[in-house]
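*Asks:* Pasting the sequence and the predicted coordinates here, then a few questions.
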Amino acid sequence: MKKLLVSTLLLMGGMSMQAQAAGSEALIKQNLQKVNARIQVESISEAPVKGMYEVMLNTGEVLYSDEKGEYFLLGKLYQFSEQEGFVDLTEQKQSALRKEALAKIPAEQMIVYPPKGEVKATVNVFTDVDCPYCRKLHAEVPKLNAMGVQVNYLAFPRQGAGTATYRDMVSIWCATDAAARRKAMDMAKNGGDLEAKTCDDPVLDQLHLGQNMGVTGTPAIVLSDGTLLPGYVPAAQLAKTLELN
């Protein structure tokens, strides 16, 4: 009887905590949307700090809130470790989410530049065909391939849907096969004119995906572990980051 009572109390305690957490999450979301109805909350979970909640927005931003949704903090959360010093917990969470999201994208929806030999590393690059630094990075793809790096391109037309850049990127993604898509990408990155094509393309979805990951400009390189490297990175420097030297 005593064991049954203890088990029941533990179960009730667990249910009470779950109800409290659910109530806190509802309050946090409600208060955010009172301030701005356009705020879209992707997820709310308990933060590593007791009494705080981690709020993921659809923009890729992370907020921290108290359990009543009265106080909000926008910024990085660090944990001190004797071994590693300050550990960026916010970036750890965002990297994990980026990795998870990219794993769901079929290879045929990317423009893939594989090395001829063994794939030693893979980088995912959000690109805009009219971006000067994207073109500069593209010129270094052969160097990356020679080092065993596979480059996967995702579309990120910076000016959005309906623009000339957007239409060019749709034409690239609608080319007949992988080789034709690479050829169209090479042509666009060199300033050439493309034959207009349309299809059931992933360009807009990839633009939204990049925005949700926190991409604000191009090129934006996402490593296989989900780490985001904003801006142009020379091939030699990227090789060091990938520990290929």
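*Replies:* Received the coordinates, thanks. Residues are numbered from 1 along each chain as shown.

*Asks:* Surely Leu194 is in contact with Met185?
*Replies:* No. Counting by C-beta atoms under 8 Å, Leu194 sits too far from Met185 to count as a contact (9.6 Å). Glycine gets a C-beta too; all of them are placed from N, C-alpha and C.

*Asks:* how much space between the spatially most central residue of the chain and Phe126?
*Replies:* Most central in the chain under C-alpha atoms, centre = their mean is Met213, positioned 3.1 Å from the mean C-alpha point. According to C-beta to C-beta, to the nearest Å, Met213 stands 8 Å off from Phe126.

*Asks:* what touches both of the two?
*Replies:* Counting by C-beta atoms under 8 Å, 6 or more residues apart in numbering, the residues touching both Met213 and Phe126 are Val222.

*Asks:* So what touches stretch 181-199?
*Replies:* Applying C-beta under 8 Å, 6+ apart, the set of residues contacting stretch 181-199 from outside is 111-113, 129, 134-135, 138-139, 153, 167-175.

*Asks:* Can you give the domain ranges for the protein?
*Replies:* Domains of the chain are assigned by automatic domain parsing as 2-91, 101-241.

*Asks:* least reliable of those domains going by mean pLDDT?
*Replies:* When the domains of the chain are compared by mean pLDDT, domain 2-91 comes last with a mean of 77.

*Asks:* From the chain's centroid, how far away is it?
*Replies:* Centroid separation between domain 2-91 and its chain, computed with C-alpha atoms, centre = their mean, to the nearest Å, is 21 Å.

*Asks:* picking up where we left off before, of Leu194 and Met185, who's got more company?
*Replies:* Neighbours were counted for Leu194 and for Met185 using other C-beta atoms under 10 Å; Met185 has more, 23 against 17.

*Asks:* ok but Ile221 is inside a strand, no?
*Replies:* Yes. Assessed with DSSP: H, G, I helix; E, B strand; the rest coil, Ile221 lies in a strand.

*Asks:* Tell me how many other residues surround it.
*Replies:* For Ile221, the count of nearby residues is 22 (other C-beta under 10 Å).

*Asks:* That one and Val41, how far apart?
*Replies:* 27 Å.

*Asks:* Put the alpha carbons of stretch 129-142 into PDB.
*Replies:* Only the C-alpha atoms of stretch 129-142 are listed here, as PDB (Å, rounded to 0.1, in the frame of the first residue of the first chain):
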ATOM      1  CA  VAL A 129      23.900  33.600 -58.500                       C
ATOM      2  CA  ASP A 130      24.300  37.400 -58.700                       C
ATOM      3  CA  CYS A 131      26.200  37.800 -55.400                       C
ATOM      4  CA  PRO A 132      29.800  38.800 -56.100                       C
ATOM      5  CA  TYR A 133      31.200  36.900 -53.100                       C
ATOM      6  CA  CYS A 134      29.200  33.800 -54.100                       C
ATOM      7  CA  ARG A 135      30.900  34.000 -57.500                       C
ATOM      8  CA  LYS A 136      34.200  34.300 -55.800                       C
ATOM      9  CA  LEU A 137      33.600  31.200 -53.700                       C
ATOM     10  CA  HIS A 138      32.300  29.300 -56.800                       C
ATOM     11  CA  ALA A 139      35.600  30.000 -58.500                       C
ATOM     12  CA  GLU A 140      37.200  28.100 -55.700                       C
ATOM     13  CA  VAL A 141      35.000  25.000 -55.900                       C
ATOM     14  CA  PRO A 142      37.500  23.100 -58.000                       C
END
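
*Asks:* Work out the gap between that stretch and the centre of the chain.
*Replies:* That offset, for stretch 129-142, works out to 20 Å (C-alpha atoms, centre = their mean).

*Asks:* Give the buried residues for that stretch.
*Replies:* Buried residues in stretch 129-142, counting neighbours by 16 or more other C-beta atoms under 10 Å, are found at Val129, Asp130, Cys131, Cys134, Arg135, Leu137, His138, Glu140, Val141.
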